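Asker: Take this sequence and fold it.
(2 chains)
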2 protein chains.
Amino acid sequence: MTQGTALTASTIPGTILSIDAMGGDHGPGAVVAGMARAVAKNEALRFIVHGDRPELERLIDRRRGLAERCEIRHAEGVVTMHDKPSQVMRHGKDTSMWSCIEAIRNGEAGAAVSCGNTGALMALSMIRLRKIEGVNRPAIACLWPSRNPSGFNVMLDVGADIRADAGDLLQYALMGASYARNGLDLRRPRVGLLNVGTEEHKGRAELKLAADLIERVSTAADFDFVGFVEGGDLPSDKVDVIVTDGFTGNVALKTGEGTARLIRELLGEAFRFSPLSRVAALLAYTSLRRLSKRIDPRRVNGGVFLGLNGTVVKSHGSADETGVAAAIKLAARLAAAGFNERLTARLAEAEQAAAAAMQAEAGQA
Amino acid sequence: MTQGTALTASTIPGTILSIDAMGGDHGPGAVVAGMARAVAKNEALRFIVHGDRPELERLIDRRRGLAERCEIRHAEGVVTMHDKPSQVMRHGKDTSMWSCIEAIRNGEAGAAVSCGNTGALMALSMIRLRKIEGVNRPAIACLWPSRNPSGFNVMLDVGADIRADAGDLLQYALMGASYARNGLDLRRPRVGLLNVGTEEHKGRAELKLAADLIERVSTAADFDFVGFVEGGDLPSDKVDVIVTDGFTGNVALKTGEGTARLIRELLGEAFRFSPLSRVAALLAYTSLRRLSKRIDPRRVNGGVFLGLNGTVVKSHGSADETGVAAAIKLAARLAAAGFNERLTARLAEAEQAAAAAMQAEAGQA
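Answerer: Numbers count the residues shown, from 1 in each chain, chains lettered A, B, ... in the order given. I've put the predicted structure just below:
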């Protein structure tokens, strides 16, 4: 048996993930540290790790019990944040990112995780994994801290594509509802469409058309459509899945993260301000820690690519150990749930149901 | 002398503001309370107040010293949040909002403040005040809490129009720079264009074109162009003026506000969690209060309409006493600075400079 197939689902029980160790801002050190942290919480995890073998061996050997859970696959090349997706698609065969996606394509791992260049990762995933039949534009979905019982809702697209027409937004609604079912355990997710107002006459023309389409399939696709939602509803408990185009979603995601970061920093400064406030911080330690965990963007790290034949989790480029561990945990959960098979089945069902609904409507007219 | 002209810039020293007292979520009570609070900090303020006379008289008479600073103008009608702008333009002559704008148009007041329906207020302001010569789309600019020394930066457009082409974005850059000079006392503002990445090849085609145009006029218009910025840069100290279309800007604004609100609420809960954390909250009272003021969205309440012949400040519909007072303070500052005259002059200069720059470039080619 060659080293390349030493770890497969049949030989070792547990979840196997494919990890691109290169390309993040903090290098492979942060990725390996995140792997070690994830394993400490879930011992059944196994990894196929892609990148510079000597460096990875050195980093992995330093972590107790990690080496026996890893298979290292050497890759010479690294996709940098400045590489254009088109270059990577043509000349990127020797990169750790390509190798990482290949392990999903070959069925060796249940999900992939990378901190690398988002555009290149999406482009590679699209050509190597291909889109699920019937999907026009894949999307990236993120989890958003909210007032919901689970503590989160889902927003998509947050940056796969800067364009989305009404039909794309409908598919985002279907994919987002499926993700909320598997990622947040919601039986009947509430879906909203992001706009500049909740009144029906507001916003761009394609949004009105998308609202009509989503409303029409909601019953058959087993979700509730709550209509238009605004930026202020993102952290609310009004909605579980927020649908928008990748330009708007990306700006909203980064704005929310930036605002949370600013407030965290100001909070830290407030408690270092005087000896009295330092004593107060000690007394409030557990309360503040609980709050800090809740609003820490690193803990919801991991954009999931939806609409491809394989689950790919994109971690923040700037993710540290905590962030990488969160992305790995998410990937493991989705792999264990057989999320991608369920999503594919749901999309096929929804398409049939939508066609039937429209046919029935046409029959009545 | 009729009552309509009892208060004018020549008869009473100080700043005269035109206030639409109706149409906000909390009714005229919150508006009058905000006026009283603003007067307590700046005794030179005078108001022309538009709305239901009996109710306004009752509310104003209850506040010591306020009645002598107010002239009430009765208006029967109220523009509601559900009225369409087109209806208000055709049938809204009897409304407090119309009357409020009229006082600016006639030169009786230096700036207007309204908590009413944004779309209707913009539509009325456009037809009654008209656009400054050369301006295609007016914009709404807001202040954003940031790491800058002033504590703020400026973002526009946050909702005047859901569309903006490259030429509109250039005008937003010019107007935003002028507002930052007068509203934040910055000699040479740094202007950035909001995008989904800072790399030159990212984003929509009109953004690349806009970046070229803005870069080209920056020297003549006396600002620094820092290129593309992302959502995460909004609260940073990298940029003073953030330029974007009204759809994206509105979503970003409401997302940032919603995130700040969620964290404020969670912080309050954290400190009510246990007897120990309540003691801690007491000890940290002044530190927390300072933080709370810094991130309170009510304190930066007030979107300014730019590009019209007159200064109109749109307060949040949900503004309470604190929020209305903040909007009035902003309006008073801009009126006292003669902001609109300066903006008009700047735009004319910039247009000439841009034309000259392009001619010179054409000559070299």
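Asker: can you give me the helices in the stretch 1-150 of chain A?
Answerer: Taking DSSP state H, counting those that start in this stretch, the helices of the stretch 1-150 of chain A run over residues A:27-41, A:53-61, A:85-91, A:96-105, A:118-129.
Asker: low-scoring stretches of the stretch 1-150 of chain A, by residue?
Answerer: Counting by pLDDT under 70, the stretch 1-150 of chain A has low-confidence residues at A:1-14.
Asker: residues in it within reach of chain B, list them.
Answerer: For the stretch 1-150 of chain A, the residues in contact with chain B (CB under 8 Å from any CB of the partner chain) are A:82, A:84, A:119, A:145-147. Using the backbone N, CA and C atoms, a C-beta is placed for each residue, glycine as well.
Asker: Put the buried members of those residues into a ChimeraX selection.
Answerer: To isolate the buried subset of these in ChimeraX, counting by 16 or more other CB atoms under 10 Å in any protein chain shown, use the following:
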select /A:119,145,146
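Asker: ok, the residues of the stretch 1-150 of chain A next to chain B vs B:R181, which is closest?
Answerer: A:H82 (34.8 Å; CB to CB).
Asker: Which residue is the nearest non-sequential neighbour of that closest one?
Answerer: With CB to CB, 6 or more residues apart in numbering or on different chains as the criterion, A:H82 has its nearest non-adjacent residue at 7.0 Å, and that residue is B:E199.
Asker: That neighbour: which element?
Answerer: Under DSSP states H and E, no helix or strand contains B:E199.
Asker: Repeat that for A:L266.
Answerer: helix A:246-272.
Asker: That helix close to chain B?
Answerer: Yes. Using CB under 8 Å from any CB, helix A:246-272 reaches chain B at A:246-248, A:250-263, A:266-267, A:269-271.
Asker: Let me know how buried the residue in the stretch 251-365 of chain A that chain B sits nearest to is, in neighbour terms.
Answerer: Chain B sits closest to A:K254 of the stretch 251-365 of chain A, with a gap of 2.9 Å, by CB to the nearest CB. By other CB atoms under 10 Å in any protein chain shown, the residues close to A:K254 number 24.
Asker: Who are the contact partners of it?
Answerer: Neighbouring residues of A:K254 by CB atoms under 8 Å, 6 or more residues apart in numbering or on different chains: B:230-232.
Asker: Buried only: go through these for me.
Answerer: By 16+ other CB under 10 Å, the contacts of A:K254 give B:230-232 as buried.
Asker: how about the strands in the stretch 151-300 of chain A?
Answerer: Counting by DSSP state E, counting those that start in this stretch, the stretch 151-300 of chain A has these strands, from start to end: A:152-156, A:190-194, A:224-229, A:241-243.
Asker: which one of the ones you listed is the most hemmed in?
Answerer: strand A:241-243 (a mean of 31; mean count of other CB atoms under 10 Å in any protein chain shown).
Asker: So what touches that one?
Answerer: Taking CB under 8 Å, 6+ apart as the rule, strand A:241-243 contacts A:144, A:153-156, A:169, A:172-173, A:176-177, A:179-180, A:189-194, A:210, A:214, A:223, A:229, A:233-234, A:249.
Asker: got a pLDDT number for A:A177?
Answerer: If you check A:A177, the pLDDT there is 94.
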